[in-house]
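Engineer: coordinates for the following, if possible.
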Amino acid sequence: MISVGVTISGMTGRGSIRHNNRTFSAANIDRSRTAQNVTFCREDLKQVYHLVFDEALAAYNAKKKKTRDKIPDYYEHIRQGKQEKLFHEVIFQIGNKDDCGCGTLDGDRAAAVLKEFAESFQERNPHLRVFNAVLHMDEATPHIHIDFVPVATEQTRGLQTRVSMKQALKQQGFTSLGRNMTEWRAWMDREKQTLAELAQAHEFEIVSLGGGRKHMDLPEYREAAQRLEAAQEQVMATEQEIAALEKQKKGLQGTVRALEAAEKVRVRLDTIQPERTLTGAVKGITVEQVEQLKAAALRGVQAEQRAKEAEAENRRLQGMIPSTKEKLREAEAQAKIRRENQQLQAENEYLQEQLEEERSFSARLLAGIDAALDFLWEHLPEPLRPLVEKAQQLIPVPDVQEPKREHDRGHSLGGMSL
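Structural biologist: Numbers count the residues shown, from 1 in each chain. Take a look at the predicted model:
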């Protein structure tokens, strides 16, 4: 039985591992359902860094003669640097609390789809090393948090195996096509498409809420770009055709004018009244002159026929030019609409990127507060820890249940999430 239409949501998360693993619980958590959460992967991030990068780090340091050029701890090197994040988090969800709420039949079906998606994520993304993945069933809507480290291999700069989101996605086949289709966006589109296909296999109907950029996976995006290029080439070809017709028309008009001038000066044979002798011969005209008159008459007939044919061809071309011009006007109108649409998309992308930057700043600020509270939790005496937990509960958690954050074939969320 096909259920009501649902949306596919994908966004970047704040990366609060302790919240994901329910080391502490925020106000929007139903603790009576926390036991229903599913943990797919739960590893210590520092240990993952040692497992993945220690060999490459040793090879890198071996090539450095000066101690100051060596990297003693790659985890701390990335944490204190500004080029790459220690890890990334993505959150995926099907529907919202109204159509796939926790505790409902469709909510359970959505959870089953999310399980399949999470279990196949690492195989689908060999360069995104997952170290924490959790399905939450104790909030309004089932959703998964997947935390991973982007691992680029066979690199010529820095460590041979190093942290790089751009290079990791490139090694998985995602390259940037410009600001409107970055590596991350192309990858996120692919992941959401995969989730949509799994949902459809479970008899979910995927719908769009409208108002945003149409969802396209990478092959569709390239095909759309090719169609636009073909349309532009068609406009150029039409313009060249019109120019050729205009040139041909001018040449025929010159021929017609010459024939019309010849027609005015042509001597008609019936106006010639030669003097005749008694025997009927023509007086004063030789046989050669008669032949010349015959030839002139023949040339006149031929010229008249050519003039008629030229006029007919000219009428035909005159009939073609309006039709061709109409095609050009239509092609230009379509090209103008495409240009305006591209401009609106670019403006929309810019505004979305500005919004994402604001969200990213807020996320970093909250992450810093969260890290400070983690530090206090580890170092304060046991009696003071309840105060830290209360402070952690006051930190806002991303409300992934709201459908307007991000939808498949709907709104995009700037450079990092779609």
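
Engineer: domain-wise, how is this protein divided?
Structural biologist: 5-216+351-405, 227-341 (automatic domain parsing).

Engineer: what about residue 178, neighbour count?
Structural biologist: 9 (other CB atoms under 10 Å). Placement of C-beta: from N, CA and C, glycine included.

Engineer: follow-up on the earlier one: of the domains of the chain, which shows the lowest average pLDDT?
Structural biologist: With a mean of 64, domain 227-341 has the lowest mean pLDDT of the domains of the chain.

Engineer: so residue 117 touches residue 92, yeah?
Structural biologist: Yes. Under the criterion of CB atoms under 8 Å, residue 117 makes contact with residue 92 at 6.5 Å.

Engineer: which of those two has more neighbours?
Structural biologist: Counted by other CB under 10 Å, residue 117 and residue 92 do not tie: residue 92 has more neighbours, with 27 against 21.

Engineer: what's the overlap in contacts for residue 117 and residue 92?
Structural biologist: Listed as contacting both residue 117 and residue 92 by CB atoms under 8 Å, 6 or more residues apart in numbering are 144, 195.

Engineer: skipping adjacent residues, who's closest to residue 22 in space?
Structural biologist: residue 34 (5.6 Å; CB to CB, 6 or more residues apart in numbering).

Engineer: roughly how far does that neighbour sit from residue 150?
Structural biologist: In this view, residue 34 and residue 150 are 30 Å apart by CB to CB, to the nearest Å.

Engineer: what do you get for residue 23?
Structural biologist: Distance from residue 23 to residue 150, counting by CB to CB: 25 Å.

Engineer: likewise residue 111?
Structural biologist: 27 Å.

Engineer: what sits against the nearest residue to residue 164 once chain neighbours are set aside?
Structural biologist: Closest residue in space to residue 164, ignoring its immediate chain neighbours: residue 152 at 4.1 Å, by CB to CB, 6+ apart. Shown in contact with residue 152 (CB under 8 Å, 6+ apart): 127, 161, 162, 163, 164, 167, 168, 170, 171.

Engineer: just the strands in the stretch 51-200 of the chain please.
Structural biologist: Assignment of strands within the stretch 51-200 of the chain using DSSP state E, counting those that start in this stretch yields the ranges 88-94, 128-136, 143-152, 162-163.

Engineer: check which helices and strands the second one sits against.
Structural biologist: Just to be clear, that refers to strand 128-136. helix 17-20, strand 38-42, helix 45-62, helix 105-124, strand 143-152 (3 or more CB pairs under 8 Å, 6 or more residues apart in numbering; DSSP states H and E).

Engineer: go on, the first one?
Structural biologist: For strand 88-94, the packing partners by 3+ CB pairs under 8 Å, 6+ apart come out as strand 8-12, helix 105-124, strand 143-152, helix 183-201.

Engineer: what residues sit buried inside the second one?
Structural biologist: In other words, helix 105-124. Under the neighbour-count criterion of 16 or more other CB atoms under 10 Å, helix 105-124 has 106, 107, 109, 110, 111, 113, 114, 115, 117, 118, 121, 122 buried.

Engineer: farthest pair in those residues?
Structural biologist: By the measure CB to CB, 106 and 122 form the most distant pair in these, at 27.0 Å.

Engineer: just give the number of residues close to residue 58.
Structural biologist: So residue 58, with other CB under 10 Å, has 10 neighbours.

Engineer: right, I mislabeled it, should have said residue 200
Structural biologist: 13.

Engineer: now it: closest residue in space that isn't a chain neighbour?
Structural biologist: Nearest residue to residue 200 in three dimensions, chain neighbours excluded: residue 206, at 6.3 Å (CB to CB, 6+ apart).

Engineer: that neighbour touches residue 9, doesn't it?
Structural biologist: No. With contact defined as CB under 8 Å, residue 206 does not reach residue 9; the gap is 11.3 Å.

Engineer: so for the two, which sits in the more crowded spot?
Structural biologist: residue 9 (28 against 21).

Engineer: beta partners for the more buried one?
Structural biologist: Judged by DSSP bridges, the bridge partners of residue 9 are residue 93.

Engineer: pretty sure it sits against residue 90.
Structural biologist: No. The pair residue 9 / residue 90 is not scored as a contact, 10.6 Å apart, by CB under 8 Å.

Engineer: that older thread, and residue 382, which of the helices and strands packed on strand 128-136 is closest to it?
Structural biologist: Taking the helices and strands packed on strand 128-136 one by one with CB to CB, helix 17-20 is closest: 17.4 Å.

Engineer: helices or strands next to the closest one in the packing?
Structural biologist: So helix 17-20, by 3+ CB pairs under 8 Å, 6+ apart, packs with strand 128-136, strand 143-152, helix 287-379.

Engineer: what number of residues lie near residue 96?
Structural biologist: Number of residues near residue 96 (other CB under 10 Å) recorded here: 21.

Engineer: start the count at 52 instead of 1 going forward.
Structural biologist: Will do, 52 is the new start, and the previous item becomes residue 147.

Engineer: quick check: it vs residue 141, distance?
Structural biologist: Going from residue 147 to residue 141 by CB to CB gives 18 Å.

Engineer: so who does residue 95 touch?
Structural biologist: Counting by CB under 8 Å, 6+ apart, the residues that residue 95 touches are residue 182.

Engineer: any idea what residue 194 is bridged to?
Structural biologist: residue 144, residue 187.

Engineer: quick one: it and residue 140 touch, right?
Structural biologist: No. Residue 194 is beyond contact range of residue 140, at 11.9 Å (criterion: CB under 8 Å).

Engineer: give me the more crowded residue out of these two.
Structural biologist: When residue 194 and residue 140 are compared for neighbours, residue 194 comes out ahead with 26 against 21, by other CB under 10 Å.

Engineer: for stretch 211-224, measure first residue to last.
Structural biologist: Stretch 211-224 has its terminal residues 19 Å apart, counting by CA to CA, to the nearest Å.

Engineer: meant to ask about stretch 70-88
Structural biologist: Per CA to CA, stretch 70-88 runs 13 Å from first to last residue.

Engineer: picking that back up, save the strands of the stretch 102-251 of the chain as a markdown table, and put in distance to residue 420 too.
Structural biologist: Converted to a markdown table, the strands of the stretch 102-251 of the chain look like this (distance: least, CB to CB, whole Å):
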| stretch | distance to residue 420 |
| --- | --- |
| strand 139-145 | 17 |
| strand 179-187 | 20 |
| strand 194-203 | 19 |
| strand 213-214 | 24 |
